[in-house]
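Enquirer: Here is my input; please provide its structure:
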Amino acid sequence: MDQTLLMSIIGLAVATAALILLAYKNWSTIIYSAIAVLLLCAFNGIDLFDGIMQTYAVETGSYFARWFVLFVTGSIFGKIYQVSGAAATIAASLAKVFGNKNALLPIIIAGIVLSIAGVSSFVLIFVMYPIALELFAKANLPKRLLPAVFCYITWTVAAAMPGSTQSMNVLPMETFGTDPLAGAVPGFIFAGLAIVIDSAFILWQAKKLAAQGIVFDSYDELNETSSGDAAAKRPGLIPALLPAMVIIVGFNFLGWDVEIALFLGIILSVILFHKCQSYQEWVEMTKDSAVQGAVVLVNTAVIVGFGAVVVLTPLYGAIIDWVKVTTINPYLLAAISANVFAFVLGSATSAVNLSLQTLGEVFMGVEGINLGFVHRIICQAATGLDTLPHCGALLTVFGVCGVTHKEAYKYVGVCTVVVPVLLTFIVEVPLCILLG
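Expert: Numbering: from 1, shown residues only. The predicted structure follows:
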């Protein structure tokens, strides 16, 4: 093996290990991402100034600028739903239908419906968190399990399943000319098994934690919405649903930019829920939630900056060259390439995009191949190694939920890494080869 490539492999391994280890030790994301970039540069012969200032800093800043308004408005909107009691109203209505002890089912249904409707996961976490928190409280489930539930519902299942309007499902359509339901049989089997296995795992872990005395203990976050006075101030179900529906309809059916939809949702929320807080409380809540949204975005952006430096390494180029010339089964190649790119980039959407850029023409040139199956494998395989501890989107979820890697990652890892990887290679790929 070429020495340059070997050093590049070692460098990526060391940098990724540093990211994971320091994330678990609760270091600042800014600090450990910068350390990882320095390690990448040192092992790959990348000029330190160019690596830090021209790539890491520039890409971090670019990502921050692109998503700043979305994160801030999303954080404010989610906080309004929490402190006004609107989330509690929706959660109480869902609990009446499904029962207090069945918190997972309404969260699963809501997550899949909203995601398929086109609501971005960046928006979903802000909208769903306060509602899910209320449902977890009613079911007495520990909050450390909530990120795993959100991630497997919206990423592993909804974003990549047949019929999804998310970009992961749209990108292959543009490349292969397939339809939204491409690869429906293996795709729905994958999604169904993921829901069953992940839900069973979460309920099993909840029982184990309860036996240790670990149950829901985040009542302070509910802003005392369960007290008599607070309950009396809660909005009714229809007013509680209206702002969220404005966002969903405006974004998905009226063509509004998501930031505009969120801003209008915030304005409507303030009008409908203004009696829930005093003026000064509204000011403080807005300030605190805006800062929280910006902090969460910074933590995500620096990991995107790290990924930009990875693209400069010899290993990245070698991976691109290998996937273009390998002769393995095309369905297996689709699964491997999506996972490799997801691991390197820390993003399922980026992995799908890069798989299509590098291998799209290769797949279309194979006679007898079912491009619908390739479409579905790439989408769902990319949801495996994308959620390792250094995943930027995962940091957003942890930031919104207020949990640490040490508390929550092992549950996320099983639900969004172990399960989808096993389903991809044990179920989906063999099924596609069989149905061919």
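Enquirer: Centroid-nearest residue for this protein?
Expert: Nearest to the geometric centre of the chain sits Ala393, at 5.0 Å (CA atoms, centre = their mean).
Enquirer: my guess is that one meets Ser347, correct?
Expert: Yes. Ala393 is within contact range of Ser347, at 7.0 Å (criterion: CB atoms under 8 Å). Glycine gets a C-beta too; all of them are placed from N, C-alpha and C.
Enquirer: before we move on, back to that, give the phi and psi angles for the residue nearest to the centre of the chain, as a check.
Expert: Ala393 adopts backbone torsions of phi -60, psi -30, taken as degrees, to the nearest 10.
Enquirer: do you know how far it is from Pro147?
Expert: Distance of Ala393 to Pro147, computed by CB to CB, to the nearest Å: 11 Å.
Enquirer: What of Ile247?
Expert: 22 Å.
Enquirer: One more: Ser199?
Expert: To Pro147, Ser199 is 15 Å away according to CB to CB.
Enquirer: neighbour count winner among these two?
Expert: More crowded of Ser199 and Pro147, by other CB atoms under 10 Å: Pro147, with 26 against 18.
Enquirer: In contact with the more buried one: list those residues for me.
Expert: With contact taken as CB atoms under 8 Å, 6 or more residues apart in numbering, Pro147 is in contact with Leu394, Val397, Phe398, Cys401, Val403, Ala408, Tyr411, Val412.
Enquirer: Let me see the mean pLDDT of the strand or helix carrying it.
Expert: Using DSSP states H and E, the element containing Pro147 is helix 146-151. For helix 146-151, mean pLDDT is 93.
Enquirer: count of neighbours near the nearest residue to Ala244 once chain neighbours are set aside?
Expert: Among residues not flanking Ala244 along the chain, Val127 sits closest, at 6.1 Å (CB to CB, 6 or more residues apart in numbering). Neighbour count of Val127, defined by other CB under 10 Å: 23.
Enquirer: for Val127, helix, strand, or coil?
Expert: Under the three-state scheme (DSSP: H, G, I helix; E, B strand; the rest coil), Val127 adopts helix.
Enquirer: wait, it sits on Tyr81?
Expert: Yes. Between Val127 and Tyr81 there is a contact at 7.2 Å, judged by CB under 8 Å.
Enquirer: Find residues that contact each of those two.
Expert: Residues touching both Val127 and Tyr81 by CB under 8 Å, 6+ apart: Ala244.
Enquirer: Compute the distance between Leu237 and His274, please.
Expert: Distance, Leu237 to His274, using CB to CB: 18 Å.
Enquirer: Could you report the pLDDT at the residue nearest to Gly236 when sequence neighbours are not counted?
Expert: Residue nearest to Gly236 in three dimensions, not counting chain neighbours: Thr89, with 6.8 Å by CB to CB, 6+ apart. For Thr89, the pLDDT comes out at 80.
Enquirer: Fine, thanks again, bye for now.
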